[in-house]
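A.B. asks: Okay, structure incoming, though there's no sequence with it:
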């Protein structure tokens, strides 16, 4: 008599179980894009909090596609920002210094929040430019030019 372990098994093709958790996120993205257009209100979706089954994250990323714009930021580890094929939908991946993922978000906005300079940084930039111009010209850059 043959035991079950001795019966040859052959797997053909690649099977992929669809847990169905990627598609509802697309509906959420759709509502977020509509809200952004109607009211200017941005949305952030924490993909790390989603109950993804095997393959769901990749399926979602495949559906979103890849856009033309990407950026990286080096602060306490790399942060990668990738525009998806859907304008206004950004994939933001936060990594630690060992390049292990800390968080993964979808950001629905005209420009990702991380790429916007805070107002206080703008003030600092203006002050720095004024100081450089004053050093170069030997006068106050905010007043009339000295002859």
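C.D. replies: Sure thing, it's come through. Here the structure is a predicted model, which is why all the values come from computation and not from measurement. Numbers count the residues shown, from 1 in each chain.
A.B. asks: Need the three-state assignment for the residue nearest the centre of the chain.
C.D. replies: The geometric centre of the chain, computed from its C-alpha atoms, lies nearest to residue 92 (Cα atoms, centre = their mean), at 1.8 Å. Classification of residue 92 using DSSP: H, G, I helix; E, B strand; the rest coil returns strand.
A.B. asks: Same question for the one 10 residues further on.
C.D. replies: Following three-state DSSP, we place residue 102 in the strand state.
A.B. asks: gap between it and residue 34?
C.D. replies: Residue 102 sits 30 Å away from residue 34, going by Cβ to Cβ, to the nearest Å. For the C-beta atoms, the positions are set from N, CA and C on the backbone; glycine is no exception.
A.B. asks: for this protein, what spans make up the helices?
C.D. replies: 23-39, 56-64, 119-137 (DSSP state H).
A.B. asks: so how far is the first one from its chain's centroid?
C.D. replies: Relative to its chain's centre, helix 23-39 lies at 16 Å (Cα atoms, centre = their mean, to the nearest Å).
A.B. asks: Give me the helices and strands touching it, please.
C.D. replies: Helices and strands touching helix 23-39, by 3 or more Cβ pairs under 8 Å, 6 or more residues apart in numbering; DSSP states H and E, are strand 43-46, helix 56-64, strand 101-108.
A.B. asks: I am finished for the moment; much appreciated.
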